[in-house]
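# Take this sequence and fold it.
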Amino acid sequence: MTNISILDPSASPLDYYGFELRRHREAAGLTQKQFGDIVNYTGSLVGQIETARKLPTDVFSERADAALGTGGLLSRLVGLVLRSQLPGWFQRVAELQARAVEICSFETHMIHGLLQSQAYARAVLGTLDQNNLDDRTAVRLARQSIFGKAEPPVFWAVLSEAALYQEMGGLVAMRGQLAHLLGFENNPRINIQILPFSAGAHAGLQGSFDVYRFSSDPTIVYTEGYGSGHPTANPDTVKDCSLRYDHLQAAALSLRDSAELIRRVMEERYGKQRDADVDPVA
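Numbers count the residues shown, from 1 in each chain. Here you go, the predicted model:
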């Protein structure tokens with residue numbers, strides 16, 4: 001167990017958060033239990049956050065700021081804390097996503113992390129590894145906070161039709177995920193197109209990739225390997241992938257037709273009627 005008396009606030013963003021939470025709580029003359037009662041969490045959880053053994057959430061941080069009068073300090077820190085928990089090789093990518101003014105993504109077989117629902121993300125992250133699954137899921141979903149900024153990026157996503165059929169987490173999770181995608185239907189900054197099976201050979205056969213564009217910095221292309229990421233600003237690579245993305249968008253269904261396909265798959269493949277048709281007896 002971490003000794004709170006020697007917790008080093010410079011060790012990590014999580015340690016700094018815990019240090020500041022404890023400092024402000026003690027300045028307010030509150031025990032962990034008293035503070036927990038105020039913010040509607042257990043004193044034990046407060047202690048775990050203060051000793052950097054548990055990740056704080058946005059809701060916890062908002063309540064803590066309100067209770068301690070910290071002027072939003074903890075809410076400002078929580079994004080940094082969660083980003084610091086990402087795998088080291090991915091932290092740079094999360095920073096690029098947070099700074100981009102436009103993100104263009106192509107996914108071959110699954111829903112992009114910025115569009116994942118909680119149940120879907122949990123199913124993906126829990127494959128072969130159930131350790132700290134709640135925290136790891138929260139960290140992934142925290143990346144989606146970029147869409148809540150005053151000026152969020154414009155996000156273009158081309159998803160292979162296969163991503164709608166690759167079942168992650170069961171019928172209920174998939175139904176929820178597709179409903180989550182449809183929730184962006186009227187959001188002009190989040191645009192989802194489906195590349196249908198009928199497109200045949202296409203410009204994305206070499207694999208998934210992202211293109212990040214910025215207001216003043218060079219465009220960056222990001223590809224991903226097993227346990228590693230590969231961002232590059234090489235002009236030839238950027239030019240090639242930008243052209244490929246133009247062709248993928250041209251081959252994909254329109255925004256309206258894509259939404260209709262998502263809705264049809266959600267109802268026909270993951271609809272409640274299918275749940276009723278499943279025989280519970282093997």
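
# quick one: the helices in the stretch 101-250 of the chain?
118-125, 133-142, 162-165, 171-182, 235-251 (DSSP state H, counting those that start in this stretch).

# Looking at those helices, which is nearest to residue 67?
Among the helices of the stretch 101-250 of the chain, the nearest to residue 67 by C-beta to C-beta is helix 133-142 (21.0 Å). Quick note: C-beta positions are derived from backbone N, CA and C, even for glycine.

# buried sites along that closest one?
136, 137, 138, 139, 140, 141, 142 (16 or more other C-beta atoms under 10 Å).

# With pLDDT and distance to residue 125 as extra columns, can I get these in TSV?
Shown next, in TSV, are these (pLDDT from 0 to 100; distance: C-beta to C-beta, whole Å):
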residue	pLDDT	distance to residue 125
136	90	5
137	93	6
138	90	10
139	90	9
140	91	7
141	93	10
142	90	13
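
# Pull the most distant pair out of those.
136 and 142, at 10.7 Å, using C-beta to C-beta across the buried residues of helix 133-142.

# residue contacts, residue 210?
103, 104, 105, 106, 221, 222, 223 (C-beta atoms under 8 Å, 6 or more residues apart in numbering).

# One more pass at 6 Å, please.
105, 222 (C-beta atoms under 6 Å, 6 or more residues apart in numbering).

# again with the one 3 residues further on
With contacts taken as C-beta under 6 Å, 6+ apart, residue 213 has the following neighbours: 102, 219.

# next one: the one 10 residues further on
Under the criterion of C-beta under 6 Å, 6+ apart, the contact partners of residue 223 comprise 209, 230.

# at 7 Å instead, please
Applying C-beta atoms under 7 Å, 6 or more residues apart in numbering to residue 223 gives the contacts 207, 209, 230.

# again with residue 270
Residue 270 is in contact with 171, 174, 175, 178, counting by C-beta under 7 Å, 6+ apart.

# rerun that using 8 Å as the cut-off
171, 172, 174, 175, 178.

# what's the spacing between it and residue 218?
41 Å (C-beta to C-beta, to the nearest Å).

# One more: residue 150?
Residue 150 is 24 Å from residue 218, by C-beta to C-beta.

# So for these two, which residue has more residues nearby?
residue 218 (11 against 4; other C-beta atoms under 10 Å).

# where along the stretch 151-282 of the chain do the strands fall?
Applying DSSP state E, counting those that start in this stretch to the stretch 151-282 of the chain gives strands spanning 154-160, 190-195, 209-213, 220-225, 228-232.

# May I see those strands arranged in JSON lines, with mean pLDDT and distance to residue 93 as well?
Formatted as JSON lines, these follow (pLDDT from 0 to 100; distance: least, C-beta to C-beta, whole Å):
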{"stretch": "strand 154-160", "mean pLDDT": "98", "distance to residue 93": "15"}
{"stretch": "strand 190-195", "mean pLDDT": "98", "distance to residue 93": "19"}
{"stretch": "strand 209-213", "mean pLDDT": "97", "distance to residue 93": "8"}
{"stretch": "strand 220-225", "mean pLDDT": "89", "distance to residue 93": "6"}
{"stretch": "strand 228-232", "mean pLDDT": "84", "distance to residue 93": "5"}
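
# Quick one, which of those strands gets closest to residue 126.
Per C-beta to C-beta, nearest to residue 126 of these: strand 220-225, 19.1 Å.

# got the CA positions of that closest one in PDB?
Provided in PDB are the C-alpha atoms of strand 220-225 (Å, rounded to 0.1, in the frame of the first residue of the first chain):
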ATOM      1  CA  ILE A 220       0.100  13.400 -39.700                       C
ATOM      2  CA  VAL A 221      -0.800   9.900 -40.700                       C
ATOM      3  CA  TYR A 222      -1.200   7.200 -38.000                       C
ATOM      4  CA  THR A 223      -1.100   3.500 -38.500                       C
ATOM      5  CA  GLU A 224      -1.000   0.800 -35.800                       C
ATOM      6  CA  GLY A 225       0.800  -2.400 -35.400                       C
END
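
# how far away is the residue nearest to the spatial centre of the chain from residue 126?
For the chain, residue 141 is the residue whose C-alpha lies nearest the centre (C-alpha atoms, centre = their mean; 3.4 Å). Note on residue 141: its distance to residue 126, by C-beta to C-beta, is 14 Å.

# about what we covered before: and the residue nearest to the centre of the chain, how close does it get to residue 221?
Counting by C-beta to C-beta, the separation of residue 141 from residue 221 is 25 Å.
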